[in-house]
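Colleague: I'd like to go over a predicted model; first the sequence, then the structure.
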Amino acid sequence: MRRKMIFSIMMALVLVTGIVGTGSVLAVSEKVEEAVNSYFANLPEDNSMIAEDSFIEKVKSGEKLFILDIRQADVYNEGHIKGAINLPWGPDAIPENLDKLPADETIYVYCYTAQTANQTVALLNFAGFEAKSVRFGWNLGISRVAGYEAVVETKNNELEGTSPYKIAPEIKDAVVDYYQGLADVDGTMFKNYKISEDLLKMTIDAEQDIIILSIRQSSAYSKGHIPGAINIPWGKGMQEYFGQLPADKKIVVYCYTGQTAGQTVAGLRMLGYDAVSLNGGMGTAANKPYGWSNKGYEIVK
């Protein structure tokens with residue numbers, strides 16, 4: 001009964017407030033556009049990700065790694081990967097420390113399930129860093145690797161000094177705006193530039209005028225997709241189709257588990273689109289119980 005009541009209240013909020021065009025549109029300079037388009041035109045073979053077991057193996061081998069833990073500080077303090085520096089996801093910590101990040105080594109980023117980490121990884125790559133997210137983050141990835149406890153510590157690690165690398169001013173300003181915009185969506189249904197599976201279902205049922213963008217491969221899209229979804233498959237050159245998306249509508253992006261969607265959302269928002277990603281994406285066995293299909297919602301062909 002309580003679940004039904006909460007559902008009804010949230011549905012009413014969707015109907016009353018609507019969701020179209022509620023996000024901020026960022027200023028876009030040629031420099032920013034070039035950086036975003038270049039990233040998607042030249043996507044690395046690993047999609048700027050590292051498998052969770054490969055990551056743990058690197059740490060165990062003693063390889064020198066620069067690791068960012070962007071979970072909240074209280075969770076970081078309970079235990080994190082050895083050597084990881086904590087810059088909690090949000091409007092402040094990451095943008096305030098951009099000048100301290102190294103450009104001469106790979107930055108490995110993890111969060112809870114890798115969705116916000118992938119937004120961060122995309123932004124850092126746009127800014128000229130080489131960044132990779134740890135697949136599935138802490139909760140669904142790292143903590144499921146056998147023996148990961150051997151590389152966990154509670155020591156607080158600090159960033160030291162300022163990096164000699166200088167981010168292009170226009171790109172830095174856009175990245176800072178991106179993070180500061182998180183304060184505007186905090187407490188809304190688009191917190192963290194995401195939307196939950198339940199709220200997307202309500203939005204579809206309410207026939208709100210939104211764009212649902214599947215970035216899964218075309219074969220997967222053909223087998224089944226969220227009702228009303230269009231398809232721009234993830235891969236090199238996908239930026240060539242961004243211009244076909246409307247700039248005046250909310251765009252809900254989903255992939256398989258929400259990870260490449262996080263990078264796509266970062267790119268679209270940097271280009272001025274009002275994009276958010278679907279929590280858990282379409283959903284797979286690896287990220288149960290999250291994702292559209294794992295919730296049992298309708299899939300059409």
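Modeller: Structure received.
Colleague: could you verify my assumption that Lys295 touches Pro289?
Modeller: Yes. Between Lys295 and Pro289 there is a contact under C-beta atoms under 8 Å: 7.5 Å. (Glycine included, C-beta is placed from N, CA and C.)
Colleague: and these two? Which one has more around it.
Modeller: Lys295 (17 against 10; other C-beta atoms under 10 Å).
Colleague: all strands of the protein, in order?
Modeller: 49-50, 66-69, 80-81, 85-86, 107-110, 131-134, 152-153, 194-195, 211-214, 230-231, 250-254, 274-278 (DSSP state E).
Colleague: report the contact partners of Thr116.
Modeller: By C-beta atoms under 8 Å, 6 or more residues apart in numbering, the residues touching Thr116 are Ile70, Trp89, Asn192, Gly262.
Colleague: ignore what I typed, I meant Ser196.
Modeller: If you count contacts by C-beta under 8 Å, 6+ apart, Ser196 has them with Met189, Asn279.
Colleague: apply 7 Å and report the result again.
Modeller: Going by C-beta atoms under 7 Å, 6 or more residues apart in numbering, Ser196 touches Asn279.
Colleague: what do you get for Gly283?
Modeller: Residues Tyr290, Gly291, Trp292, Ser293, Asn294 are the ones in contact with Gly283 under the rule C-beta under 7 Å, 6+ apart.
Colleague: quick check, pLDDT for the residue nearest the centre of the chain.
Modeller: Taking C-alpha atoms, centre = their mean as the criterion, Gly262 is the residue nearest the geometric centre of the chain, at 2.8 Å. On pLDDT, Gly262 comes in at 98.
Colleague: thought it was touching Gln115?
Modeller: Yes. Using C-beta atoms under 7 Å, Gly262 is in contact with Gln115, at 4.7 Å.
Colleague: and Glu33, which of the strands of the chain is closest to it?
Modeller: In terms of C-beta to C-beta, the element of the strands of the chain nearest to Glu33 is strand 274-278, at 15.2 Å.
Colleague: how near is Met270 to Gln180?
Modeller: Distance of Met270 to Gln180, given as C-beta to C-beta, to the nearest Å: 13 Å.
Colleague: do Gln239 as well
Modeller: 25 Å.
Colleague: just to revisit the earlier point, for the contacts of Thr116, give me JSON lines that also has distance to Val36.
Modeller: As requested, the contacts of Thr116 are exported to JSON lines (distance: C-beta to C-beta, whole Å):
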{"residue": "Ile70", "distance to Val36": "21"}
{"residue": "Trp89", "distance to Val36": "20"}
{"residue": "Asn192", "distance to Val36": "20"}
{"residue": "Gly262", "distance to Val36": "14"}
